[in-house]
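Enquirer: 3D model of this:
(chains A, B, C and D)
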Number of protein chains: 2
Amino acid sequence: MALKHISEKTIGRLSLYRRLLYRSSLAGQNNVYSHQIAALSGSTPAQVRRDLMAIGYSGSPNRGYKVGELIKSIGDFLDDPEGMRVGLVGVGNLGRAILSYFSGRRPKLAIVAAFDVDPNKTNRIIHGCRTYATSDFPKVAKEENICEGIITTPADTAQATAEMLVNAGIRGILNFAPVCLKVPPEVFTADIDMTMTLEKVAYFARK
Amino acid sequence: MALKHISEKTIGRLSLYRRLLYRSSLAGQNNVYSHQIAALSGSTPAQVRRDLMAIGYSGSPNRGYKVGELIKSIGDFLDDPEGMRVGLVGVGNLGRAILSYFSGRRPKLAIVAAFDVDPNKTNRIIHGCRTYATSDFPKVAKEENICEGIITTPADTAQATAEMLVNAGIRGILNFAPVCLKVPPEVFTADIDMTMTLEKVAYFARK
DNA sequence: TGTTGTGAATCTCTTCACAGCT
DNA sequence: AGCTGTGAAGAGATTCACAACA
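Expert: Okay, the predicted model is just below:
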């Protein structure tokens, strides 16, 4: 497999394609054309073909792509074969909603532990996930082999939380707090900024 | 003011700059340089200056930008002067977390009503927001002058929900359901796809 | 015919680099 | 000296357009 760099956008779309294809396969579809994937994903046929080029999966003219094979190819490309274990820090309203959202959804990418500074929220099972004191993160991360973190703490503790995660050996962070985290370049971070997105929609809704 | 088209990315960054500047102003800062905004927002000085060009706000060499004025200029540009009223459909775990997240935060952009099909969730006040039956959306939207919608329903009802919002005259949609909505081109939609983002972090965390 | 795979063209966004200002 | 504002260059992403194929 080529080591050519694959863009964040392409990775995002591949993740989306896989999820949509999974729905199609459940509906009994066996073959799919790039223009169908494009329609489902709000993309274009050329874009879809380019993205599939990146993972080296080939379809056949006149038959398109085999749905099952394509789902598997995307999975082989995106997923860690060992599975990826995730810890969530900040068991507030948003943190609990996210635990519920991901609960039991994808075995290869599961939230296996949650953390909070509030003793009332620790040593419980919330949406199927055990909760610990935030200060226990390094120990639990090692025991549970956690390598990705989700930050759903308040804004003013997000940076300190991120540094703790990095020191505990975490390699990727999904950040919901409305600040920009400063982390070493080898740690990948993505932000989900709901305020920014809501304001963007508000702006474009009028014009 | 020029009608030149301003990109989605620039609008998103302006929203971010404003929020970060607001924190700086609370901390007593009066003037700010593009390189400081860049550091806070994870951007570059040139990028910041370009974005501020778009809204026609000028700083002064040697003094940079005045924090208060800049916040106001971004607000004049982004916000609807009347304020923007938002309705949320789908009062599950995620919907409630979002109600809590935005509750009382920004007067110019407030969630004023929430909707669900489950009678157990309607006719209540949740995180300061009144809940209604989803079927009442068109009526309430008119009464409350709602023009933006947030979809936090399950995936299989998201498209039908979107169509109902569009028929009720909504102009912008923020979608959390893991599907791509098909709406007329005059309706702006943004997706927050948590699964996709989590998978993206997982991918880039290992390499 | 209608599809895939892909080089080339196009479009969009970001960064450079520097004149002009204080 | 060190900043802003901006034309121009560069980088990156998307779309076009067509050969090859079933």
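Enquirer: buried residues of whichever strand or helix holds A:Met196, list them for me.
Expert: Per DSSP states H and E, A:Met196 falls inside helix A:194-205. Residues of helix A:194-205 classed as buried: A:194-205 (neighbour count, 16 or more other CB atoms under 10 Å in any protein chain shown). For every residue, glycine as well, the C-beta is placed using N, CA and C.
Enquirer: do it and DNA strand C meet at all?
Expert: No - taking CB under 7 Å from any atom of the strand as the criterion, helix A:194-205 and DNA strand C are apart, separated by no less than 12.4 Å.
Enquirer: which other helices and strands does that helix contact?
Expert: helix B:8-26, helix B:67-78, strand B:84-89, helix B:93-102, strand B:109-116, strand B:148-151, strand B:172-175, strand B:188-191 (3 or more CB pairs under 8 Å, 6 or more residues apart in numbering or on different chains; DSSP states H and E).
Enquirer: please repeat the previous calculation with a cut-off of 6 Å.
Expert: Packing partners of helix A:194-205 (3 or more CB pairs under 6 Å, 6 or more residues apart in numbering or on different chains; DSSP states H and E): helix B:8-26, strand B:148-151, strand B:172-175, strand B:188-191.
Enquirer: quick one, which of those gets closest to B:Arg49.
Expert: Nearest of those to B:Arg49, taken as CB to CB: helix B:8-26 at 11.4 Å.
Enquirer: ok, now how distant is A:Phe137 from B:Lys142?
Expert: To B:Lys142, A:Phe137 is 49 Å away according to CB to CB, to the nearest Å.
Enquirer: if you could redo that for A:Glu148, that was the one I meant.
Expert: A:Glu148 is 45 Å from B:Lys142, by CB to CB.
Enquirer: what parts of chain A come near DNA strand C?
Expert: A:33-35, A:45-46, A:49-50, A:52-53, A:57-62, A:64-65.
Enquirer: those in strands, which ones?
Expert: A:Tyr65 (DSSP state E).
Enquirer: quickly list the domain ranges of chain A.
Expert: A:3-77, A:84-196 (automatic domain parsing).
Enquirer: looking at these, which is buried most?
Expert: domain A:84-196 (a mean of 19; mean count of other CB atoms under 10 Å in any protein chain shown).
Enquirer: from memory A:Phe137 sits against A:Ala114, does it?
Expert: No - judged on CB atoms under 6 Å, A:Phe137 makes no contact with A:Ala114 at a distance of 10.3 Å.
Enquirer: residues making contact with the helix holding A:Met196?
Expert: By CB atoms under 6 Å, 6 or more residues apart in numbering or on different chains, the surrounding residues in contact with helix A:194-205 are A:178, B:11-12, B:15-16, B:78, B:84, B:109, B:148, B:171-172, B:174, B:188, B:190, B:192.
Enquirer: and what of stretch A:154-166?
Expert: Counting by CB under 6 Å, 6+ apart, A:89, A:149, A:151, A:153, A:177-179, A:181, A:183, A:187 sit against stretch A:154-166.
Enquirer: repeat that with 10 Å
Expert: A:87, A:89-90, A:92, A:115, A:117, A:134-135, A:137-138, A:141, A:146, A:148-153, A:170-173, A:175-184, A:186-187, A:189, B:19, B:23 (CB atoms under 10 Å, 6 or more residues apart in numbering or on different chains).
Enquirer: what residue ranges in chain A score low on pLDDT?
Expert: Applying pLDDT under 70 to chain A flags residues A:1-3.
Enquirer: center of it, which residue is that?
Expert: The residue lying closest to the centre of chain A (CA atoms, centre = their mean) is A:Leu174, at 7.6 Å.
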